[in-house]
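Q: Sequence below, structure please.
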Amino acid sequence: MARSAHAFVRGNTRQFYTWLEQAGRSLPQGPTLWICGDCHVSNIGPVADREGEIDIQVRDLDQAVLGNPAHDIVRLAVSLATAARGSDLPGVVTTRMVEELIEGYERAMGGGRKILRIVERPDSMRVVMKAAMKRRWKHLARERMNGTHPIIPEGRRFWPVTAAEEAELHALTASEGMRQLVTRMIHRDDAAALELVDAKYWVKGCSSLGRLRYALLVRVLTPGQRDELCLVDVKEAIAAAAPSTAPGDMPADNAERVREGAVHLAPNLGERMLTGRIGGRTVFVRELRPQDLKIDLEQLDERQAMEVARYLGNVVGRGHARQLTWKLRKAWLAELSRNRPQSIAAPSWLWRSVVELVAAHEAAYLEHCRKFAHHIGPDD
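A: Reported below is the predicted structural model:
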């Protein structure tokens, strides 16, 4: 999180909602639907479906809740604004990015009764898609395991599991639910069997702090065919930081909540998820596919920044719009179009929220870096 202000924003979901509430700024109350809850840039990217087709969708649903869609819009806008600052882009570009984001979002909402209007994919997103389409198992293995050999090497990222954990992970792999999940991929035989080759605790950034996270190397055994290896992610589901407008209508089980959010917001991912329990804790399970990538916006020029903002706004807008009737979409569009100042095409509630939250994140980021610097010491 100390690496950049943008990384700090990505790792600060809970504080984001605290600051948003403390600001006292009133957001429009949109229709209750499944929202990402942590809708920053890196949580959107290419995601493969069970047939190998790829689309850019929300790719992390840990914070998914039935909530106010305005929260996703603000979270994405703040993420884009900090990415722009990291690229040394002037403030006027950030203003335009917020305008483009809301334009792309509204375009998805206003397509018609059954058609969602799609923004043309910018060149920078085409590059990401081409890279995703070319990826194979060997690329995933080299990134995640430092090689294609059937073992997950211990080190900074992968730690040994206890005997009790290993027994439960073996049982999970042997379950019918896991077999159906892995063989759901179109190129695999429905009758294939699974074998757990290796299992490690996975140290994976902020998403593994204080919770269970495992990487499973699984062999797919099909009679008469060559064995295939796959990598399965097992992650504990914890209570969402994002506020819900209908908590009673969500699954009480956090893993089921995550899976349900994925089904509605990211169908490619939702159809590839399973829930279970490890060590008495609820977990969600998915096979990692080589084509699943995050979008990295470390360096943007002015044109790219505005194109990406418009496109990602449209991606999120389509995820929301798929859940709404035409009547609800029209009502939400009307609400979004209110309070537009003459000096900026974005709603005033969105622009003021971005200004206040970017300022709060900048101050907190510098304080975080000061504490981090003292923690590691001058010789580290």
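
Q: For the closest residue in space to Gly205 that isn't next to it in sequence, give its distance to Pro160.
A: Closest residue in space to Gly205, ignoring its immediate chain neighbours: Gly11 at 7.5 Å, by Cβ to Cβ, 6 or more residues apart in numbering. No exception for glycine: its C-beta is placed from N, CA and C like everyone else's. Separation of Gly11 from Pro160 (Cβ to Cβ, to the nearest Å) stands at 26 Å.

Q: Those two: who's more crowded?
A: Neighbour count, other Cβ atoms under 10 Å: between Gly11 and Pro160, Gly11 has more, with 17 against 11.

Q: wait, the more buried one sits on Met1?
A: Yes - the criterion here is Cβ atoms under 8 Å, and Gly11 meets it with Met1 at 4.4 Å.

Q: give me the number of residues near Pro347?
A: That count, for Pro347 with other Cβ under 10 Å as the rule, works out to 22.

Q: wait, it sits on Arg338?
A: Yes - judged on Cβ under 8 Å, Pro347 makes contact with Arg338 at a distance of 7.1 Å.

Q: which residues do these two both contact?
A: Pro28 (Cβ atoms under 8 Å, 6 or more residues apart in numbering).

Q: Stretch 171-181: end-to-end distance?
A: 15 Å (Cα to Cα, to the nearest Å).

Q: Against Glu271, how distant is the residue nearest to Gly205?
A: From Gly11 to Glu271 the distance is 28 Å (Cβ to Cβ).

Q: And for Arg340?
A: 38 Å.

Q: which residues of the stretch 1-150 of the chain fall in strands?
A: Assigned by DSSP state E, counting those that start in this stretch, the strands in the stretch 1-150 of the chain fall at 33-35, 44-48, 54-58, 65-67.

Q: so which of these is the most packed in?
A: Most buried of the strands of the stretch 1-150 of the chain, by mean neighbour count (mean count of other Cβ atoms under 10 Å): strand 33-35, with a mean of 27.

Q: Enumerate the positions of stretch 79-93 that are buried.
A: Ser79, Leu80, Ala81, Thr82, Ala83, Ala84, Arg85, Gly86, Ser87, Leu89, Val93 (16 or more other Cβ atoms under 10 Å).
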